[in-house]
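**Q** Next one to model:
(chains A and B)
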Amino acid sequence: GESVGLHLPTLSVQEGDNSIINCAYSNSASDYFIWYKQESGKGPQFIIDIRSNMDKRQGQRVTVLLNKTVKHLSLQIAATQPGDSAVYFCAEKEAEGGYNKLIFGAGTRLAVHP
Amino acid sequence: SAVISQKPSRDICQRGTSLTIQCQVDSQVTMMFWYRQQPGQSLTLIATANQGSEATYESGFVIDKFPISRPNLTFSTLTVSNMSPEDSSIYLCSALVIWTGELFFGEGSRLTVL
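**A** A predicted model of the protein is given here:
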């Protein structure tokens, strides 16, 4: 596959453990945030989103936490599985000149070991 | 959900040539975007593709190098002009689906410039 995540920070976890992936965003005016998962050779896939009027949102095995005070976002994955191995990106929605656009963070590669 | 088809999925091109990437969405969408993902890095927004008018480019990207068309709501093209090895990258089309507000991505077009 392609070298997605080759130079990104890596989080290594054991199968079954919980994973926490962190992200710092830049724009205090951003009001919507999304986590994406990107497997090698594929485009990013939506995982979970959160609006700025919330500080926590839960999905299936995933939880996103938002701390607007320090502009920090985290993705928690419960009972991590080998299929969770991928690169994870946070993205923030910025509104500029009447246009909405998604700006992506640097990304973290999650490596799940049996 | 939406299915976004990009072609070509990959290509090897000679320096100085141009390549046009096509993006077709199977759902009604509002906004379409083009991103670049260089090896091992995150996604960088190139431009917002506007239907029937000139695209809105991000800082560092210009129309002469990356001309974009969007003749209708569900189709867009990105041309990488006068290519150099530095243009070797994955180019991703994305679209904002009307009904869900989710941003979906194509699988990407992997360009190698020799």
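**Q** Now for the residue nearest to A:D31 when sequence neighbours are not counted, how many residues are close by?
**A** Of all residues not flanking A:D31 in the chain, A:S52 sits nearest, at 4.3 Å (C-beta to C-beta, 6 or more residues apart in numbering or on different chains). Yep, even glycine has a C-beta here, placed from its N, CA and C like the rest. A:S52 has 15 neighbouring residues, counting by other C-beta atoms under 10 Å in any protein chain shown.
**Q** Next up, the contacts around A:S52.
**A** Contacts were defined as C-beta atoms under 8 Å, 6 or more residues apart in numbering or on different chains; by that measure A:S52 touches A:30-33, A:66, A:68.
**Q** What score does it have for pLDDT?
**A** pLDDT recorded at A:S52 is 90.
**Q** Look up how far B:S42 lies from it.
**A** In this structure, A:S52 and B:S42 are 22 Å apart, going by C-beta to C-beta, to the nearest Å.
**Q** which residues in chain A form strands?
**A** When secondary structure is read from DSSP state E, chain A shows strands at A:10-14, A:19-24, A:32-38, A:45-51, A:56-58, A:62-67, A:72-77, A:86-96, A:99-104, A:108-113.
**Q** Which one of the ones you listed lies nearest to chain B?
**A** Go through those one by one with C-beta to the nearest C-beta and the one that ends up closest to chain B is strand A:99-104, at 4.4 Å.
**Q** how far off strand A:32-38 does the closest one point, in degrees?
**A** Calculated by axes from the mean of the first three to the mean of the last three C-alpha atoms, to 10 degrees, strand A:99-104 forms an angle of 50 degrees with strand A:32-38.
**Q** Closest to the centroid, which residue in chain B?
**A** Among the residues of chain B, B:W34 comes closest to the average C-alpha position under C-alpha atoms, centre = their mean, at 3.5 Å.
**Q** host element of it?
**A** Secondary structure assigned from DSSP states H and E places B:W34 in strand B:29-37.
**Q** which other residues reach that strand?
**A** Taking C-beta under 8 Å, 6+ apart as the criterion, the residues outside strand B:29-37 that touch it are A:4, A:99-102, A:104, B:2, B:23, B:25, B:43-49, B:55, B:66, B:68, B:70, B:73-74, B:76, B:78, B:89-98, B:103, B:105, B:108.
**Q** Now which of the residues you listed would you call buried?
**A** Burial by neighbour count, judged by 16 or more other C-beta atoms under 10 Å in any protein chain shown, picks out A:4, A:100-102, A:104, B:2, B:23, B:25, B:43-49, B:55, B:66, B:68, B:70, B:73-74, B:76, B:78, B:89-97, B:103, B:105, B:108 from the contacts of strand B:29-37.
**Q** Just the ones in helices from those residues, please.
**A** With helices defined by DSSP state H, no entry of these lies inside them.
**Q** Keep only those of those residues that are in strands.
**A** Taking DSSP E as the definition of strands, those contribute A:100-102, A:104, B:23, B:25, B:43-49, B:68, B:70, B:76, B:78, B:89-97, B:103, B:105.
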